[in-house]
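>>> here is a sequence together with a model predicted from it:
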Protein chains: 4
Amino acid sequence: MSENLRNEIAAKKNMNPPMGWNSWDCYGAAVDEETVRKNADFMAEHLKEYGWEYIVVDIQWYEPFATSNEYHPFADLCVDEYSRVIPAENRFPSSKGGKGFGPLAEYVHSLGLKFGIHIMRGIPRTAVHQNLKIKNSTKTARDVAKTNSICYWNQDMYGVNPDNEGAREYYESIFELYASWGVDFIKCDDICRELPHEESEMILLSECLKNCGRDMILSLSPGPALLEKAELYKQTANMWRITDDFWDDWKLLYNMFERAEKWSIHTGFMHWPDADMLPIGAIRQCYDENNRTKFTKDEIRTMMSLWCMMRSPLMIGGELTKMDEFDMSVLQNRELFDMFKNIRHSHQVFRKEIDGNEVVAWIGTANNGNDYIGLFNLSDKDISLSVPLSEFEIFEPVKGTEIWTENSIRYDLSIVDNIPAHGSRVYKISIWE
Amino acid sequence: MSENLRNEIAAKKNMNPPMGWNSWDCYGAAVDEETVRKNADFMAEHLKEYGWEYIVVDIQWYEPFATSNEYHPFADLCVDEYSRVIPAENRFPSSKGGKGFGPLAEYVHSLGLKFGIHIMRGIPRTAVHQNLKIKNSTKTARDVAKTNSICYWNQDMYGVNPDNEGAREYYESIFELYASWGVDFIKCDDICRELPHEESEMILLSECLKNCGRDMILSLSPGPALLEKAELYKQTANMWRITDDFWDDWKLLYNMFERAEKWSIHTGFMHWPDADMLPIGAIRQCYDENNRTKFTKDEIRTMMSLWCMMRSPLMIGGELTKMDEFDMSVLQNRELFDMFKNIRHSHQVFRKEIDGNEVVAWIGTANNGNDYIGLFNLSDKDISLSVPLSEFEIFEPVKGTEIWTENSIRYDLSIVDNIPAHGSRVYKISIWE
Amino acid sequence: MSENLRNEIAAKKNMNPPMGWNSWDCYGAAVDEETVRKNADFMAEHLKEYGWEYIVVDIQWYEPFATSNEYHPFADLCVDEYSRVIPAENRFPSSKGGKGFGPLAEYVHSLGLKFGIHIMRGIPRTAVHQNLKIKNSTKTARDVAKTNSICYWNQDMYGVNPDNEGAREYYESIFELYASWGVDFIKCDDICRELPHEESEMILLSECLKNCGRDMILSLSPGPALLEKAELYKQTANMWRITDDFWDDWKLLYNMFERAEKWSIHTGFMHWPDADMLPIGAIRQCYDENNRTKFTKDEIRTMMSLWCMMRSPLMIGGELTKMDEFDMSVLQNRELFDMFKNIRHSHQVFRKEIDGNEVVAWIGTANNGNDYIGLFNLSDKDISLSVPLSEFEIFEPVKGTEIWTENSIRYDLSIVDNIPAHGSRVYKISIWE
Amino acid sequence: MSENLRNEIAAKKNMNPPMGWNSWDCYGAAVDEETVRKNADFMAEHLKEYGWEYIVVDIQWYEPFATSNEYHPFADLCVDEYSRVIPAENRFPSSKGGKGFGPLAEYVHSLGLKFGIHIMRGIPRTAVHQNLKIKNSTKTARDVAKTNSICYWNQDMYGVNPDNEGAREYYESIFELYASWGVDFIKCDDICRELPHEESEMILLSECLKNCGRDMILSLSPGPALLEKAELYKQTANMWRITDDFWDDWKLLYNMFERAEKWSIHTGFMHWPDADMLPIGAIRQCYDENNRTKFTKDEIRTMMSLWCMMRSPLMIGGELTKMDEFDMSVLQNRELFDMFKNIRHSHQVFRKEIDGNEVVAWIGTANNGNDYIGLFNLSDKDISLSVPLSEFEIFEPVKGTEIWTENSIRYDLSIVDNIPAHGSRVYKISIWE
């Protein structure tokens, strides 16, 4: 085997689901450059060593007057002569002089991190109405716009009709631009659940991204993705949302277990079902700087346990500089992220009532000879339970560690433990010989 | 009873379903003033005395470069300062100087006829993107546009969000304008089948029209209308389309029988289910001046029989000056239009196989002591049949006339007749005492 | 025209929807001969002259131990050697000696009335399990039974598989038997709403009945019938139920208006949509002899107005000998039944809110030069209203009578009246010249 | 840990999905004792050592005149005084004298094998119509029968209404009987896909079986099972059919891949989604003794590969004494069944076009440090392919064996192989260090 091949393989081996920070949960449509830099600095200093590496600017960085998460109908977006959105200079000063996100990406890279941006499927309405040009094409924005394909929750774009001349050139031109800026991660919105009617636009977009000359992760939003299209997502994107927006609400977390169960078998090399951002710490700061997540500590642990066992990408939603001690203990849990990177073939084992309480169990294996078992207490009260190891097809005594309590454990026939309401336990086990 | 009341009632008595000419079937989106005047002249001279009276300019009279029935995405429509479409002066020269359709309406009125126009639900995209004003409101076009309510087959308009301030003022302002021009008939498109999601916009539009100070017929398009909303259409509009566009194709005509059956009970005072335009004579002239209807003479008779028995509005689709002798004999059939104006309570009596052929029967009564019976041969071959009068709950011998053959008829127990393939017979009968 | 023909036609002219009495609402599955005779006597003496003529014995007359409306699973039904149910002799003593319903039918006929019975679709399970013979066939009950076609609310029968040899002979044999008894009316249950899966059995049954040599009305039960099968019911049966069982509950009566609207156009010669029995007077006597209808007088009038305007068959559900003065005034209302027999083309005109109250209007014409207008107050309070005559396309003053109040009326422009909660008005009108 | 516990665990460790022979594919409803014994003898001699151990008598062993797979409507089944079916003595002579399947089960046990029978949900119709007793209850067959719950493809039984008194006693009594015979395996038919309407009967039946005092595998038929009821099946039964009957038809085998993918995560301790019997060798002998499977050798291998990787129970459908050399090589493939018993967490990895051919990949792990990879060529032609190991998240060179060709393999970056049309490869691999 050649040196190159060995290196390539080694690189692949580290291609875990992305871990990073995204501006949406905290800043909505109104994030600015200073905030991005501040969070990047914090990540580099405190989180990078645990695996966190992406800094992602979410929606409407091209809207000069964006505030919180309200959109202004028919806002005058910043676009270049080729119908492409560019950063609003009042919010991203380093983009002045036509530099786009180049300087900001460069800064993030200088910290040893990666840089991502959000885009909407389609072409800006403002470009269509000004009838701007498309790069490398004689066609114009009006020629490629799909006139009645419009996102119902945001009015910035028209869809692009893949059958029209100029459509491919448009998508090529935007990824060429993003590559020139040094973008590593594209979160494309208004596309994931829009199948089958926008399927060919998704495929065109994916092809143009793959051929743009720079490796970028493609993340599709919003969910719920369509389960019957799983193979298509796997071939088209790196991650795709399996729910609508996830927030700090137990009902949404409860609901994620059913989705996680169904999508578990579709996790694999460079493609991951995405359970959405982690609303942890200080979120919704664009409304009130006193806002913090409504999740309890046990719910935070349950969320992290499920996301990590199912190998969902992990994108922190809270302002990093405002994390408290508990938050940091979660974001710096080495055992947890060690499992996250090494676990394979994970899936739900059962979901059933035990003594009148709803309990979910997961299992996964790891190359290092360990198995991981997760037990989730979905009921509203603390419980004590005993679960036979045979339910996991384990027929020998085991030893190991519980990740949240850090307790050493030894079980011969059954796992016996207490789990708080909405809480979870994750056991790293090996045969006790 | 006062003189005024008597006059009002007398006027109502003449309020039959509209009979007229519409430019769509022949000229698509590209009709011009000269053509309209020519057809009005012809109607006044040859058809008015049979009941024909409306001259209707169909879609895109505000698009300077419209051709046939293709639409130009994001075309620069003619609009006034208040976001209202106005006639393209190159196509309607008399509209110059801000006169709109005033001069053309005046001309049509001078011939003793009535004048109608087509509109699309909503507000022009071009007004939204220029962010034009709305009359009598501080709000602008951007404020009232419903950003993702867009007709899928025409890109001219955004829907108007009835919940937004300025929406009512916008609709009031357009009907004020049409009233000032002297418009008698509004065919509003992209609305009839768009229930329930655009229901409140339909109701707002109807209210504004009713309150504008001028009587105008409101016609809703395109179909199929929703049967379960029949009472709403009756209270909101004067006519509503029960199918998608109707053309000169036997399958569409065959299909109309089922729709006519279901909608028959919803015909009444000033509200009529609409089976769409009559593709008779020279149609599709915008493509080729040799085009004529593909319907056979018997199919034309069947169409006219059904439309007249069900009391659908009658809008001629062909160029009037190119009607041939047969066409004129149909359009000038006094007995037919006499039935059309007087028939009441008409409905399907049966639809069944008789000797292996599919036959439909209708009946209606008239104030003048007559009944009308229609027999339709939906099979592909000529048939002879005998239908007991008892099937119509008639238990005495009858006499009368068959409208198309003009034969005198006398039947004691059964109607016995021959009907050609796709043909029909309409009997005007009274008890033969 | 021959004398015979004239007579035949004259007979047809009197073929109105059946009016009669049915044992179900009062006696459930447990009616006996004495009760039937008592009601027949009463009808002959007090109701016949108003048009009432049918006496119908409802379900399970072949079950010796039937009580009220509970069914005994796998009861040992009375059957003859040919797999046909026969009357239980303990309940119908005159049937002894193999005479079946012959003597009872003869008695009813002697009073100038007609006799009807209820049957279930299919062949008795007891005959199948004893494997009895089928008349005029070498096949047996087991051969024709459709093994998994079983009524879910009564366990007496298997369906008959029309594709099997012996099926036609079975149905021929039962109608031969009923004809020999002198039966005039068959109410066939477990069939009307069982389309399309039991459609071919319905058609076979209808053919065998039509060819049995005696005219019998065929009534299909239970509803709701399928609107899209209207033409099939018209060709197969004389009446078919448009709802599930109707009882003395305002919600059910309210609900009937929507059904009546949809079915109105399917009324015609010898075929009538059936709104089910009239729960008037003393009903549910099999449970408690103090039971009476829960309908108010106004609700009774509303029911009778709707049934008569829509021309539903009229089957009294209450014990005739216990009718009170009000009941008798309804059952002997000459104007009402005169309308019932003469009204044609009746249909709903509108259903809308008037001053916040829900009002339904119907219209129908009559050969005698009259029109009938019905107004129904579906709201829960008394109302005063004014309804323009033009809504009925009447443009001249009218005079006439209101059927329930017996008031003379004269209206020039509008009908102006008071209607009690859940009440109705039915106007017989003619032009006031 | 006590000795007992250790033994119990050791026993559990061997509880793999059942492997055995079932009479249906070859003998339909007409298998007899001699045939059963002959197949048991053969299994004990030639197959037992490879893991095969169940001998299952399929449907209608209580029908004296059963032939092939046609059912006789209302056949007089053999029943005991307590409404329970018992073997037809003419077909199973050892059952004479009320011994039931006791002697036959004993014989099978004497060979070191296990004995299973097929039952239908419910209670025999013949018992209901004779109104036989229910053991330990004052209720009778008529009391517990659910009168309209009848299997549409077989007429032997009524469902049992779990809400009725006597229902539980009936189900307890049948499992008491089967336990007394020494039955090890119950295949219950007309139940698996009959959810949710027969769900409570399924649960009752399962409870009675679990409490009967003898361990018996519960197998539910026919499919397709309902995916949304997966947790219920897992708690109720040991195996459940995921398709309708599976036969030797490529379309059915092709179709199984989609089902296998969806059900893969529901395999676990003592519960297995069941892909149905293996139509291998001489099948359909009840029609013609020359009949053999229509599957090609490659299709047989593909079937076995999929069933074994997904851990479906394995039930041979062909007559064992007529297996040819190829058949025996499959049934005696040690590597294959070694994988079958040891593989865990297996699931589909991808299904996609490779060079225009449809390819499916599966992976599973094993306790012994091996992984298994399956590649399936679903296209109609032989293919050569190269699949990167990274697609399986393997980033190091591997070595091992291909199970069907028995080739030793070594791959560094990609699996490179040829696969015949409809064929498969199953690689047992470990890291090549």
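Cool, got the structure.
>>> okay, now the residue nearest to A:V85 when sequence neighbours are not counted: neighbour count?
Of all residues not flanking A:V85 in the chain, A:Y62 sits nearest, at 3.7 Å (Cβ to Cβ, 6 or more residues apart in numbering or on different chains). Heads up, the C-betas are built off the backbone N, CA and C, glycines and all. Look at A:Y62: counted by other Cβ atoms under 10 Å in any protein chain shown, it has 24 neighbours.
>>> just the one 5 residues further on next, same as before
By other Cβ under 10 Å, the residues close to A:T67 number 14.
>>> that one and A:A29 touch, don't they?
Yes - counting by Cβ atoms under 8 Å, A:A29 is a contact partner of A:T67 at 7.1 Å.
>>> what's the first-to-last distance across stretch A:312-331?
Stretch A:312-331 has an end-to-end distance of 15 Å (criterion: Cα to Cα, to the nearest Å).
>>> pLDDT on it, on average?
Across stretch A:312-331, pLDDT averages out at 98.
>>> wait, does it contact chain D?
No - judged by Cβ under 8 Å from any Cβ of the partner chain, stretch A:312-331 and chain D are separated, with a smallest distance of 15.8 Å.
>>> let me see the contact set for A:N211.
A:E172 (Cβ atoms under 8 Å, 6 or more residues apart in numbering or on different chains).
>>> list phi and psi for A:C308.
The phi/psi pair for A:C308 (degrees, to the nearest 10) reads phi -70, psi -40.
>>> and the residue nearest to it when sequence neighbours are not counted, backbone torsions?
Excluding the flanking residues, the one nearest A:C308 by Cβ to Cβ, 6+ apart is A:F340, at 4.2 Å. When read as degrees, to the nearest 10, the backbone of A:F340 gives phi -50, psi -40.
>>> likewise A:L336?
Main-chain dihedrals, A:L336, degrees, to the nearest 10: phi -60, psi -50.
>>> ditto for the one 5 residues further on
Per-residue torsions, A:K341: phi -80, psi -30 (degrees, to the nearest 10).
>>> got a list of what it touches?
Contacts of A:K341 (Cβ under 8 Å, 6+ apart): A:16, A:51.
>>> again, 10 Å this time
Applying Cβ atoms under 10 Å, 6 or more residues apart in numbering or on different chains, we find A:K341 in contact with A:13-14, A:16-17, A:19, A:51, A:308, A:311, A:366.
>>> look up how far A:L314 lies from it.
Counting by Cβ to Cβ, to the nearest Å, the gap from A:K341 to A:L314 is 11 Å.
>>> same thing with A:E258?
In terms of Cβ to Cβ, A:E258 sits 20 Å off from A:L314.
>>> hang on, the earlier thing: need the overlap of contacts for A:T67 and A:A29.
A:60, A:286.
>>> between A:E258 and A:L314, which has more neighbouring residues?
Comparing A:E258 with A:L314 by other Cβ under 10 Å, the one with more neighbours is A:L314, at 25 against 13.
>>> any idea what that one is bridged to?
A:M19 (DSSP bridges).
>>> doesn't A:N370 make contact with A:M339?
Yes - look at A:M339 against A:N370 with Cβ atoms under 10 Å: they come within range, at 8.4 Å.
>>> name the residues contacting each of those two.
A:364, A:428.
>>> settle it for me: which of these two has more neighbours?
Applying other Cβ under 10 Å to A:M339 and A:N370 shows that A:M339 carries more neighbours, namely 23 against 20.
>>> mind checking how far the strand or helix carrying that one is from the chain centre?
If you go by DSSP states H and E, A:M339 is part of helix A:334-342. In terms of Cα atoms, centre = their mean, to the nearest Å, the centre of helix A:334-342 is set 17 Å apart from its chain centre.
>>> any common contacting residues for A:K341 and A:L314?
A:16-17, A:19, A:51, A:308.
>>> which of the contacts of A:K341 are buried?
Among the contacts of A:K341, those buried by neighbour count (16 or more other Cβ atoms under 10 Å in any protein chain shown) are A:16-17, A:19, A:51, A:308, A:311, A:366.
>>> reformat the residues you listed as TSV; add distance to B:Y287 and secondary structure.
Formatted as TSV, these follow (distance: Cβ to Cβ, whole Å; DSSP: H, G, I helix; E, B strand; the rest coil):
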residue	distance to B:Y287	secondary structure
A:N16	61	coil
A:P17	57	coil
A:M19	61	strand
A:G51	65	coil
A:C308	64	helix
A:R311	59	coil
A:A366	70	strand
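>>> between those residues, which is nearest A:I134?
Nearest to A:I134, judged by Cβ to Cβ, of those is A:P17 at 34.5 Å.
>>> the closest one: what's it in contact with?
Residues in contact with A:P17 (Cβ under 10 Å, 6+ apart) are A:51, A:217, A:238-239, A:267, A:270-274, A:307-308, A:310-315, A:340-341.
>>> and stretch A:256-272 with chain D, contact?
Yes - contact of stretch A:256-272 with chain D (Cβ under 10 Å from any Cβ of the partner chain) involves A:258, A:261-262, A:264-271.
>>> before we move on, what about stretch A:354-364?
Yes - applying Cβ under 10 Å from any Cβ, one finds stretch A:354-364 touching chain D at A:361, A:363-364.
>>> check the offset of that stretch from the chain's centre.
Remark: stretch A:354-364 is offset 26 Å from the chain centroid, using Cα atoms, centre = their mean.
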